[in-house]
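**Q** Return atomic coordinates for the entry below.
(one chain, ligands or ions: 2)
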Amino acid sequence: MTVQYQPGLENVIASETSISYLDVENEEIVLRGYDLIELARKVTYLDVVGLLLNRQLPTPVQRNALEEKLKSEYSFPEDVLSILKLLPQKTNLMDVLRTGISAISGYDEELEDRSRDANYRKSIRLLAKVPQIVANGYRAVTKQPLLEPRKDLSYSANFLYMITGTVPTKLEERVFDQSLIVYSEHEMPNSTFAARVIASTQSDIYGALTGAVASLKGTLHGGANEAVMKMLLEAGTESQIEPLLLNQLSRKERIMGFGHRVYMKKVDPRAMLMKEALAELVQEKDKHELFNICVIGENVMKREKGLYPNLDYYAAPVYYLLGIPIDLFTPVFLAARTIGICAHVMEQHENNRLFRPRVFYNGPRGLHPQN
Ligand SMILES: CC(=O)SCCNC(=O)CCNC(=O)[C@H](O)C(C)(C)COP(=O)(O)OP(=O)(O)OC[C@H]1O[C@@H](n2cnc3c(N)ncnc32)[C@H](O)[C@@H]1OP(=O)(O)O
Ligand SMILES: O=C([O-])CC(=O)C(=O)O
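**A** Ligands and ions are numbered 1, 2, ... in the order given. Model prediction:
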C-alpha cells in the first residue's frame, strides 16, 4: 500500500472522535454537537466540562453536583507543594506544571486503572488539582505565600483568585470563565495528539497530560499567548505596533498570535469572542489603548500577510488585564485544556489502536562496518 508522506501530518486524519471538529467551511467549532462559541456565550466552563465528560450538557442540578464533586477533590498533597518549592526560581512555569502533574500521579490510588469509570474519576481529580499546581506552583517558585482553594467561590473565580490573590469582579469572573471555555477543547492540536499517542500504549492519563504540557509549551502552540503579550508590551503605544510588526516581517520572523494550521487564511472564531471580551474589559479598566494596539496589529497582519489572529492573540491581553502574570498564560491554557485532553485519553483508551506510523527513509543503505 502506498501512503503519501505529509510533513507535519498536515490534513491527515489521525483519529475517529465524537469530541470535537473544526468545521472551517462553516466557521464552526463543533463540541459534541454544539457550537463552542454559542456555548461560551450561554453556559459556564463547568457545563462544558460536564458535556465533554458525559457527552451531554448537564442540567443545573447535575452541574451543581459536578461542582460539589470537584470541590471535594480540592485536597492537595503537601509533599508535592514541597517539591515545587524546591524548584529553582527561574524554572519555566510550564515545567513547574509538568513536574507537578507528574508528581501528583503517585497519590492517585487508581493510577493504573484504564476503565472509563476510573478515568472519569481521575479527570475530576485532575480538574480539581491542576489549577492549584498552576497557581501555587507559581507562588512556590516565586517565594510568595501559597493559597488554599476557596470553596465559597465558583470553580473559575477560585482559579483566578488563587493566581492573583484577589477575588475577581463579576465581569472578570465571566470573562475568565469564557476564556476557559474557548481554550477547553480544539480537536487534534499537537498537545492532544501527543496525549493520545501516549495513551495509545495503554499508558496512564497523568502521563498523557504531562506529555501534553511539554507540547503546549512551544511557541508554535500554546506558548504563543505569552509571546503575544511581550510583543504588545514592547510596542507599548498605538503608533509603535505597525513599525514593530513591519520590522519583524521584513526580517521574515513569525508574528505570534497569527496564523493557524487549520484556519490559516480564515478567522479563528475563538479569537473574535476574546476580542469582544477584551472590549468589555478595557471599558471597566479604562485601558482603551491596549485594545486599539491589538486592532491595529490585526489590521496590519491582514493587509501585509492575509493572516488572521488566532485565539492566543486576543486571550493574551485579556489575561493581562485580569492580572495574570505573563509567565502563567500558557499554564492557564493547559489548565483549561485539561478537560479536553482527559476526554481524548478516555476515548483513546475505550477504542484503542496503538499509534505507530512509518517513515519516508532518505538515509543511506548498504553500508558495512570496517573491521
Ligand atoms: C492556540 C494555538 O496554539 S494557535 C497557534 C499559536 N501559535 C502562533 O501563533 C505562532 C505563530 N503562528 C505560526 O507560527 C503558524 O501560523 C502556525 C505554527 C500556527 C501554523 O503553521 P503552519 O501550518 O506550519 O503554516 P506554515 O508555516 O506552512 O505557514 C504558511 C505560510 O504562512 C506564513 N505564516 C504563518 N504564520 C505566520 C505568522 N504567524 N507570521 C508570519 N508568517 C506566518 C509562513 O511563513 C508561510 O509563508 P510562506 O508560504 O511564504 O513560507
Ligand atoms: O488547534 C491547534 O492546532 C492549536 C489550537 O488552536 C489549540 O490547541 O487551541
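**Q** Mind naming the longest helix for the chain?
**A** In the chain, with assignment by DSSP state H, the single longest helix is helix 116-141.
**Q** next one: the helix or strand that that one is followed by to chain centre, how far?
**A** Toward the C-terminus, helix 116-141 is succeeded by helix 155-164 as the next helix or strand (DSSP states H and E). For helix 155-164, the distance from its own C-alpha centre to the chain's C-alpha centre is 16 Å (C-alpha atoms, centre = their mean, to the nearest Å).
**Q** Tell me the helices and strands packed up against helix 155-164.
**A** helix 45-54, helix 60-72, helix 116-141, helix 170-183, helix 329-350 (3 or more C-beta pairs under 8 Å, 6 or more residues apart in numbering; DSSP states H and E). (C-beta placed from N, C-alpha, C; glycine too.)
**Q** Could you check which residue of the stretch 1-150 of the chain lies nearest ligand 1?
**A** residue 8 (6.0 Å; C-beta to the nearest ligand atom).
**Q** mind showing which ranges of the stretch 101-250 of the chain have poor pLDDT?
**A** The stretch 101-250 of the chain contains no residues with pLDDT under 70.
**Q** Flag every residue of it that's near ligand 1.
**A** 219-222, 224 (C-beta under 6 Å from any ligand atom).
**Q** Residue 363: neighbouring residues, count only.
**A** The tally of other residues near residue 363 (other C-beta atoms under 10 Å) stands at 6.
**Q** Just confirm it is within a strand.
**A** No. Counting by DSSP: H, G, I helix; E, B strand; the rest coil, residue 363 is not part of a strand but coil.
**Q** Closest one of the residues of the stretch 101-250 of the chain next to ligand 1 to ligand 2?
**A** Relative to ligand 2, the closest of those is residue 221; by C-beta to the nearest ligand atom it sits at 5.9 Å.
**Q** The closest one looks like it's in a strand, true?
**A** No. If the criterion is three-state DSSP, then residue 221 is coil and not within a strand.
**Q** thinking it is in contact with residue 192, fair?
**A** No. The pair residue 221 / residue 192 is not scored as a contact, 10.3 Å apart, by C-beta atoms under 8 Å.
**Q** The two: which is more packed in?
**A** A direct count of neighbours by other C-beta under 10 Å for residue 221 and residue 192 places residue 192 higher, at 28 against 19.
**Q** still on that earlier bit, of the residues of the stretch 101-250 of the chain next to ligand 1, which ones also sit close to ligand 2?
**A** Residues of these in contact with ligand 2 (C-beta under 6 Å from any ligand atom): residue 221.
**Q** confidence score at the spatially most central residue of the chain?
**A** For the chain, the residue sitting closest to the mean C-alpha position, by C-alpha atoms, centre = their mean, is residue 333 at 3.0 Å. Confidence at residue 333, expressed as pLDDT, is 98.
**Q** what's the burial count for the residue of the stretch 201-350 of the chain found nearest ligand 2?
**A** Closest contact between the stretch 201-350 of the chain and ligand 2, by C-beta to the nearest ligand atom, is at residue 261 (5.2 Å). Neighbour count of residue 261, defined by other C-beta under 10 Å: 16.
**Q** I'd like the numbering to begin with 51 instead of 1 from here.
**A** Renumbered: residue one is now 51, and that last one reads residue 311.
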